[in-house]
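Colleague: quick one, fold the following:
(one chain, ligands or ions: 1)
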Amino acid sequence: MTMKEFDKETLLIDKIVALFNNEDNFIITSHYNIDGDGLGSEIAIYLLLKKLGKTVEIVNQDKAPEIYNFLPYINDIKNSPSKSLAEPNVSIVLDCGTLERAGEIASFVKKTSTIINIDHHFLNTCFGTINFVDAGYSSTGEMVLKVLERYDQLSKEQAICLYTSIITDTGSFIYNVGKNTLNAVQKLLDTGISPAEISGKIYMQKPLKYIELLTLSLQTLDYNLKEKIAWMYVDKKMYEATKTTAENTEGFVEMLLALKEFKTVFLLKEDKNIKVSLRSKDGYDVETVARKFGGGGHKQAAGCELENLSISESIKKIVAEIKKNNERNNSGK
Ligand SMILES: [Mn+2]
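Modeller: Residues are numbered from 1 along each chain as shown. Now for the predicted structure:
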C-alpha cells in the first residue's frame, strides 16, 4: 500500500465512522446466495451499531445456509425491513460488486439517502455514497475489521464473525490471502476465539447425504487435458435421489481444483437456470469468463448463471469461453 492509498483508506474509514456515530437508522445487507463473508461482515457491524445504541437491521434476500447457524445473532436476520425501518437513513452494503447483487433488497437500499459500500471485489461499480473498495483484501470481513478497530475492544462474538468471513473467503487460507490478512487474524485470535471450533462447525458437520450427492456428481466428471479444464455437474434428479439441496455442493468445485492436471475448473448446478461456479489457479482467470455470462467475482473464484440452456449446452459454452480467454491472455504474454 502506498502512502497515498493509505491516506485514502484512512479518510474513507473516517467518513464511515462519522456516519456510524451521527446517524440513527441503518439497514445492513449483502448479496443473494449469501455466504460466510457476507454474514460475518454483516453481523460484526450489526453488533457495533447495536452497542452504539442505533436502530439497525440486517436484511438479506436469501436465508443463510444452515452451516452458519452457529454465528451469533444469525436469527436476527430478516428478509425484508420491518415497518419501523421502512425509511432508514443509511444502508450498508457488504461484499457486493454491484448493487444488483443485493437482489430484492436493492430497492430498499436505493431509497436510503446514504449508501456505504464496503467490498473487496475486483470490479466494484462504486455504487455507494462512500465506497471503501479494495481488491487487495482477502474478504469484506477483513475490511470491516479495519472499521471496527476505530472503536473499543472487539468482542469475541464479532471476532467469531470476522474469522468466519476470512476463512470462508480464503478457503482456509489457500487463496486470496492478502499481505495483512494474517495480522488481521492475529487481532481476532487475541479476543480468545477458537479457530478449531469455528472451522469444525463450518467444515466438519456435513451430513452423510453430502457424500451421496458427491458420489453422483463425480460420475459426471469430464475434462479437457490439453486445455487443463475440468468440470462436473449436479442436476435436479441427484438432489431428489439424495434429498439434498445446492447447499450440499459446498466444496465440490474446490476438489477439482486440487488436481494437478487442471488450471480452470467449474461446477454446474441445475436450478431454475444453470448456476456455474468457476475456480482457477496459477494465474488463470475465471472472472472474465463469468462476466461474459453476466456474472462476476474474483480472478480465481467467480460465478454466473445461464438461462434457457441444457447442462450440456452450458458446458460447451463455458469451455469455449475459457479456451478463448486463455488464448487471449497467453497471446499477450
Ligand atoms: Mn467476499
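
Colleague: now do the residue of the stretch 201-333 of the chain found nearest the ion: how many residues are near it, please.
Modeller: Closest residue of the stretch 201-333 of the chain to the ion, Cβ to the ion: His298 (8.0 Å). In short, each C-beta sits where N, CA and C put it, glycine included. Counted with other Cβ atoms under 10 Å, residues neighbouring His298 total 23.

Colleague: equivalent analysis for Ser194, please.
Modeller: Neighbour tally, Ser194, other Cβ under 10 Å: 12.

Colleague: list the contacts for it?
Modeller: Listed by Cβ atoms under 8 Å, 6 or more residues apart in numbering, the contact set of Ser194 is empty.

Colleague: quick check, distance from stretch 97-113 to the centre of its chain.
Modeller: 16 Å (Cα atoms, centre = their mean, to the nearest Å).

Colleague: what are the buried residues along that stretch?
Modeller: By 16 or more other Cβ atoms under 10 Å, the buried positions in stretch 97-113 come out as 97-99, 101-103, 105-106, 108-109, 112.

Colleague: and if you look at stretch 52-70?
Modeller: 54-62, 64-65, 67-68.

Colleague: got TSV for the buried residues of stretch 97-113, with pLDDT too?
Modeller: Shown next, in TSV, are those (pLDDT from 0 to 100):
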residue	pLDDT
Gly97	95
Thr98	96
Leu99	97
Arg101	95
Ala102	97
Gly103	97
Ile105	96
Ala106	97
Phe108	92
Val109	95
Thr112	92
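
Colleague: which ones among these map onto helices?
Modeller: 106, 108-109 (DSSP state H).

Colleague: same for the host helix or strand of Asp14, what does it pack against?
Modeller: Taking DSSP states H and E as the definition, one finds Asp14 inside helix 3-22. On a contact count with 3 or more Cβ pairs under 8 Å, 6 or more residues apart in numbering; DSSP states H and E, helix 3-22 meets strand 114-119, strand 130-133, helix 140-148.

Colleague: these into TSV, with extra columns for mean neighbour count, mean pLDDT and distance to Leu182?
Modeller: As requested, the helices and strands packed on helix 3-22 are exported to TSV (neighbours: other Cβ atoms under 10 Å; pLDDT from 0 to 100; distance: least, Cβ to Cβ, whole Å):
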stretch	mean neighbour count	mean pLDDT	distance to Leu182
strand 114-119	24	98	21
strand 130-133	21	98	21
helix 140-148	26	98	10
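
Colleague: wait, Asn325 sits on Val289?
Modeller: Yes. Asn325 is within contact range of Val289, at 5.3 Å (criterion: Cβ atoms under 8 Å).

Colleague: between these two, which one's more packed in?
Modeller: Neighbour count, other Cβ under 10 Å: between Asn325 and Val289, Val289 has more, with 27 against 20.

Colleague: for that one, what are its contacts?
Modeller: Val289 sits next to 264, 278, 302, 304, 318, 321-322, 325 when contact means Cβ under 8 Å, 6+ apart.

Colleague: one more: Lys146?
Modeller: Counting by Cβ under 8 Å, 6+ apart, Lys146 makes contact with 9, 13.

Colleague: now Asp282: how far from Gln300?
Modeller: 9 Å (Cβ to Cβ, to the nearest Å).

Colleague: can you list the residues of the chain near the ion?
Modeller: The chain has residues 37, 95, 139-140, 169 near the ion, with proximity defined as Cβ under 5 Å from the ion.
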